[in-house]
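# Could you work out the structure for the sequence below:
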Amino acid sequence: MALIETKSLTYSYPGATKPSISDVSIKVEKGEFVLITGPSGCGKTTLCRTFNGLIPQFYQGELKGEITVAGLDAAKHPTYEMARHVGLVFQNPENQLFALSVEKDVAFGLENLGYPRDEMRKRVDWALNLTGISDLRDRSPHEMSGGQQQRVAIAAVLAMQPEIIVLDEPTSFLDPLSAQKIFDVIHELNKNLGLTVILVEHRLDLTAKYANHIIIMDQGKVRFDGETRRILSNEETRLIGVGIPKATLLYEMLNKDGANLGTVTPLSSDELAKMLLEVMKH
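Residues are numbered from 1 along each chain as shown. Below you'll find the model as predicted:
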């Protein structure tokens, strides 16, 4: 059974003239790294809010269709129950931080779930180490840069160790190098802990190489859904206006010019560099 499944999911915000998402049917399997992308306003964030019950329980409006997450009906189970299974990192970290110190913010979810003190301390230390902010544990999140706040928000979700982590443009405040470090951490968790990752992101140059499953949305509908390399090498994907990785575009240009780089589409400059080295050897 898929870990997340939606069937004909359609949702309209209160007072909206048309649905934000329309007839969305997707499946996410356990352990996948899923990238959700598409032009601004295409419904990516709205879809993510249904995964932990924020829609329809916090945001009112009209939800039709079905959504099952970890075997639970996400539209009917209380949000605090869904939080055990799904951790959501918002685009703006300030919406997620409210305690007087980083340590307290990261411990907040665990306190609410009644974890013993020793276990809490262990998990908080682990999450702070992973996100590289152990030295900031006593600082107030509201005195930090946007990038540091983003790391605190991610650490707070990781400490809960949910089965699924949903990140809505989690590096929008970070420069490419810092963003790369965060994506590397998330990728390691996906590989080593089997954490299911759903990442909403525009910057495919940085993220496409991690994802084994991509969902491309446009105007509230799913336009493409499948294996990342196959979808990103599809001519029609470009017409939607998705930022195809530069390495993928260069590979296609070189192949058209007779470079004969093989049939596996590269998703990153590292992969393309390896291909070019192989060709030069021969």
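# Counting neighbours, show which residues of the helix or strand of the chain with the lowest mean pLDDT come out buried.
When the helices and strands of the chain are scored by mean pLDDT, DSSP states H and E, helix 235-240 comes last with a mean of 84. By neighbour count on 16 or more other C-beta atoms under 10 Å, the buried set for helix 235-240 is Thr237, Ile240. For the C-beta atoms, the positions are set from N, CA and C on the backbone; glycine is no exception.
# what's the helix or strand following that helix packed up against?
Using DSSP states H and E, the helix or strand that follows helix 235-240 in sequence is helix 246-256. Counting by 3 or more C-beta pairs under 8 Å, 6 or more residues apart in numbering; DSSP states H and E, the packing neighbours recorded for helix 246-256 are helix 269-281.
# Tell me where this protein has strands.
For the chain, applying DSSP state E gives strands covering 4-12, 21-24, 27-28, 33-37, 62-69, 72-73, 86-89, 164-168, 196-200, 213-218, 221-226.
# closest one to Met120 among these?
Closest to Met120 of the strands of the chain is strand 86-89 (C-beta to C-beta; 15.9 Å).
# partners of the closest one in the sheet?
Sheet pairing of strand 86-89 (DSSP bridges) gives strand 164-168 (parallel).
# Flag every buried residue along the partner strand.
Buried residues in strand 164-168, counting neighbours by 16+ other C-beta under 10 Å, are found at Ile164, Ile165, Val166, Leu167, Asp168.
# which outside residues touch that strand?
When contacts are defined by C-beta atoms under 8 Å, 6 or more residues apart in numbering, strand 164-168 is touched by residues 3-4, 28, 44-45, 48, 51-52, 69-70, 85-91, 154, 157-158, 186, 189, 195-201.
# Measure how far stretch 156-167 is from the centre of its chain, please.
Here stretch 156-167 is found 11 Å from its chain centre; the criterion is C-alpha atoms, centre = their mean, to the nearest Å.
# distance between the ends of that stretch?
Distance between the two ends of stretch 156-167: 12 Å, counting by C-alpha to C-alpha, to the nearest Å.
# how far away is the residue nearest to Leu136 when sequence neighbours are not counted from Met253?
Sequence neighbours aside, Val102 is the residue nearest to Leu136 in space, at 5.1 Å (criterion: C-beta to C-beta, 6 or more residues apart in numbering). According to C-beta to C-beta, to the nearest Å, Val102 and Met253 sit 46 Å apart.
# out of the two, which sits in the more crowded spot?
With neighbours defined as other C-beta atoms under 10 Å, Val102 and Met253 compare such that Val102 has more, 27 against 10.
# what's that one in contact with, if anything?
Each residue near Val102 by C-beta under 8 Å, 6+ apart is listed here: Leu128, Ile133, Leu136, Arg137, Asp138, Arg139, Ser140, Pro141, Val152, Ala155.
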